[in-house]
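Student: requesting a structural model of the entry that follows:
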Amino acid sequence: MSKLSMKTGRPQGAALIALGLCTVLAAPSSAEPKSRARKLREITPVEETQSWVGDREITSDKATGAVRKPTRAEAKALASSLRALLDRSPEEVQPVSRADGIRQVNLAGRFGSVVLARPAADGTMETRCVFTFEEATAFLGLRPATPADAAGPVE
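Tutor: Model (predicted):
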């Protein structure tokens with residue numbers, strides 16, 4: 001885990017900005033199957049019904065710039081993006097035999113890592129390269145909501 005200094009001294013939506021950059025970098029190329037591009041934008045049926053909460057202050061308030069915990073809507077959107085970016089399903093990953101006898105596999109943008117960032121207490125940014133959805137949600141402090149969370153803000 002490394003720390004990056006901030007020019008302003010306060011993070012501005014750090015986790016979401018880093019995820020946004022990773023989303024751009026991990027966007028499917030025109031050579032990738034169209035269904036893969038659609039899959040990155042879709043929410044799986046399990047996630048449509050699942051509510052998420054954030055236990056860490058990783059989001060910056062647009063009005064005040066203060067770092068805060070994400071709302072449930074923000075946590076759900078972030079979890080959905082992470083699920084798509086860290087997709088390890090073998091669909092559409094088929095070996096192809098070339099004329100020279102080499103077998104080639106196009107990983108279709110999957111099986112790579114995602115770099116995430118979160119604000120640290122000292123005003124710097126902590127970064128981590130993650131390979132699984134579980135690593136990403138643990139680093140960002142996201143978890144599925146429980147009945148005990150029902151009393152908290154829903155936004």
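Student: mind listing what the residue nearest to C129 when sequence neighbours are not counted touches?
Tutor: Closest residue to C129 apart from its sequence neighbours, by C-beta to C-beta, 6 or more residues apart in numbering: S113 at 4.7 Å. For the C-beta atoms, the positions are set from N, CA and C on the backbone; glycine is no exception. Contacts for S113 (C-beta atoms under 8 Å, 6 or more residues apart in numbering) come out as 129-131.
Student: low-scoring stretches of the protein, by residue?
Tutor: Of all residues in the chain, those with pLDDT under 70 make up the ranges 1-48, 151-155.
Student: now the closest residue to R98 other than its chain neighbours: how far from R83?
Tutor: Closest residue to R98 apart from its sequence neighbours, by C-beta to C-beta, 6+ apart: Q104 at 5.8 Å. Distance from Q104 to R83, counting by C-beta to C-beta, to the nearest Å: 28 Å.
Student: tell me which of those two has more neighbours.
Tutor: When Q104 and R83 are compared for neighbours, R83 comes out ahead with 18 against 8, by other C-beta atoms under 10 Å.
Student: F133 is in contact with the more buried one, correct?
Tutor: Yes: assessed by C-beta atoms under 8 Å, R83 is found in contact with F133 at 5.6 Å.
Student: SS state for A150?
Tutor: Of the three states, A150 takes helix under DSSP: H, G, I helix; E, B strand; the rest coil.
Student: neighbours of it, how many?
Tutor: A150: 9 surrounding residues under other C-beta under 10 Å.
Student: just R118 next, same as before
Tutor: By other C-beta under 10 Å, neighbour count at R118 equals 21.
Student: got phi/psi on it?
Tutor: The phi and psi torsions at R118 (degrees, to the nearest 10) take the values phi -140, psi 150.
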